[in-house]
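Novice: task: produce atomic coordinates for the following.
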Amino acid sequence: MRLLLTSGGVTNATIRGMLVEMLGKPVEECDALFIPTAQWGQPMCSPQTVWTSTAGRGPNQQGLVDLGWKSIGVLELTVLPSIAPNRWLPWVREADVLLVDGGEAMYLAHWMRQSGLADLLPSLTDIVWVGVSAGSMVMTPRIGRQFLEWNPHGSDDAMGVVNFSIFPHLDYPGWSSNTSESARRWATDIGGPAYAIDDQTAITVVDGTVRIVSEGNWHRFNHETERKP
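Specialist: Model prediction:
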């Protein structure tokens, strides 16, 4: 699976260009499925935020569903266990891209497993996964205990599809918990390879190769070297 792991979505021309490269064809020729599930586990989210995300409305909801897709539908993971797999599996397999919104990463991981989507991931070799915040963090080994909202005393072990962790919304205006210093403390607790990225940055993973795509700021932690551009 090709991964475009973002903090804030497709927020600039550089990230959009990489998305088109990963898709292998124009956005206008691609069928997308939008997954809002992570929002239901995040106390900051609500039925209103789910609607604005799905509709691409509001100042912080741009750069995902509104990119000009050939078609776009909603895939709500909490529903999938109640319907036959032979109904929803073709929806996923026929999509060009899964747009996985933010919210609470461990809630999303739970429903990826419960729905059967997690088991399907290894076979989705022709699909691009575009994650936003929790939709990116869920693919990592750990999210960090400070990001646990749905089950604060539970595990922070996520899907482990990639071998690095992600601290999103770096230095987001007005968020004192997302400063560079907070990211350094988080990375110390995580222990393994990690990145802190702002909303103008994405991490791509294609055939095991990791690249940073950015018009903003990011940090790399717990690698052989640490870099801040």
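Novice: can you map out the strands along this structure?
Specialist: 2-6, 31-35, 71-74, 97-100, 128-132, 165-167, 194-197, 201-206, 209-214, 218-221 (DSSP state E).
Novice: chain center to the second one: distance?
Specialist: Per Cα atoms, centre = their mean, to the nearest Å, the displacement of strand 31-35 from the mean C-alpha position of its chain is 13 Å.
Novice: equivalent analysis for the shortest one, please.
Specialist: How far strand 165-167 lies from its chain's middle: 11 Å, per Cα atoms, centre = their mean.
Novice: same question for the fifth one.
Specialist: Computed by Cα atoms, centre = their mean, the separation of strand 128-132 from the middle of its chain amounts to 5 Å.
Novice: so W218 makes contact with I197?
Specialist: Yes: under the criterion of Cβ atoms under 8 Å, W218 is in contact with I197, at a separation of 4.6 Å. Heads up, the C-betas are built off the backbone N, CA and C, glycines and all.
Novice: give me the more crowded residue out of those two.
Specialist: I197 (28 against 22; other Cβ atoms under 10 Å).
Novice: the more buried one touches S165, doesn't it?
Specialist: No: assessed by Cβ under 8 Å, I197 is found out of contact with S165, at 11.1 Å.
Novice: on that earlier part again, intersection of neighbour lists for W218 and I197?
Specialist: L170, I212 (Cβ atoms under 8 Å, 6 or more residues apart in numbering).
Novice: how about a markdown table for the strands of the chain, with distance to S82 and mean pLDDT added?
Specialist: Below are the strands of the chain laid out as a markdown table (distance: least, Cβ to Cβ, whole Å; pLDDT from 0 to 100):
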| stretch | distance to S82 | mean pLDDT |
| --- | --- | --- |
| strand 2-6 | 28 | 97 |
| strand 31-35 | 16 | 98 |
| strand 71-74 | 15 | 97 |
| strand 97-100 | 20 | 98 |
| strand 128-132 | 24 | 97 |
| strand 165-167 | 31 | 98 |
| strand 194-197 | 35 | 97 |
| strand 201-206 | 32 | 97 |
| strand 209-214 | 37 | 97 |
| strand 218-221 | 40 | 96 |
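Novice: adding distance to K25, write the ones you listed out as a markdown table.
Specialist: Output for these, formatted as a markdown table (distance: least, Cβ to Cβ, whole Å):
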| stretch | distance to K25 |
| --- | --- |
| strand 2-6 | 13 |
| strand 31-35 | 11 |
| strand 71-74 | 14 |
| strand 97-100 | 11 |
| strand 128-132 | 11 |
| strand 165-167 | 27 |
| strand 194-197 | 26 |
| strand 201-206 | 16 |
| strand 209-214 | 19 |
| strand 218-221 | 28 |
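Novice: cool, thanks, signing off.
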